[in-house]
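A.B. asks: After the sequence you'll find the predicted model.
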Amino acid sequence: MSAVTQVKEQLHHLSLEANRAAGSLGGFRNSFGQSSAQVQALIAGTATGADRDISEVLDAARRAVGQAVEALQIAAAGCARYANQI
């Protein structure tokens, strides 16, 4: 097997794995977002610093997971595109 063929196969494998991970992480993002929203609804209206802090932490985590999903999707597309070009 040539080196180019090996690279193509590895890139397609990476693309597949990145898409799978993005899908799994997307599901986690949805359930995390729902749980986070429930917590935030329960503590809404309270004025303690700890309540605001946990709301900010949950929002930041949800955004970070969303960014990770997007990064994995971009990586998957890039791997597949490059593998098809070489």
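C.D. replies: Good, I have the coordinates.

A.B. asks: going forward, measure contacts between C-alpha atoms and count neighbours the same way
C.D. replies: OK.

A.B. asks: Look up how far Ile86 lies from Ala80.
C.D. replies: As for Ala80, its distance to Ile86 is 10 Å (criterion: CA to CA, to the nearest Å).

A.B. asks: before we move on, what about Gln38?
C.D. replies: Here the criterion is CA to CA. By it, Gln38 lies 48 Å from Ile86.

A.B. asks: between those two, which one's more packed in?
C.D. replies: Using other CA atoms under 10 Å as the criterion, Gln38 and Ile86 rank with Gln38 on top: 12 against 9.

A.B. asks: measure that one to Leu58 for me?
C.D. replies: Gln38 is 11 Å from Leu58, where distance means CA to CA.

A.B. asks: tell me the SS of the residue sitting nearest the centre point of the chain?
C.D. replies: With distances taken as CA atoms, centre = their mean, the residue of the chain nearest its centroid is Val69 (2.3 Å). Secondary structure assignment for Val69 (DSSP: H, G, I helix; E, B strand; the rest coil): helix.

A.B. asks: which residue sits closest to it in space, ignoring its chain neighbours?
C.D. replies: Once flanking residues are discounted, Val69 sits nearest to Ala22: 4.8 Å by CA to CA, 6 or more residues apart in numbering.

A.B. asks: list the contacts for that neighbour?
C.D. replies: Going by CA atoms under 8 Å, 6 or more residues apart in numbering, Ala22 touches 68-70, 72-73.

A.B. asks: Now, of the residues you listed, which are buried?
C.D. replies: By neighbour count, with 16 or more other CA atoms under 10 Å, these hold 68-69, 72-73 as buried.

A.B. asks: returning to what we had before: could you dump the contacts of Ala22 into CSV with pLDDT and distance to Ala3 added?
C.D. replies: Shown next, in CSV, are the contacts of Ala22 (pLDDT from 0 to 100; distance: CA to CA, whole Å):
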residue, pLDDT, distance to Ala3
Ala68, 98, 30
Val69, 98, 30
Glu70, 98, 30
Leu72, 98, 25
Gln73, 98, 26
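
A.B. asks: Verify the stated contact: the residue nearest to the centre of the chain with Gly27.
C.D. replies: No - contact criterion CA atoms under 8 Å: Val69 and Gly27 do not qualify, at 10.0 Å.
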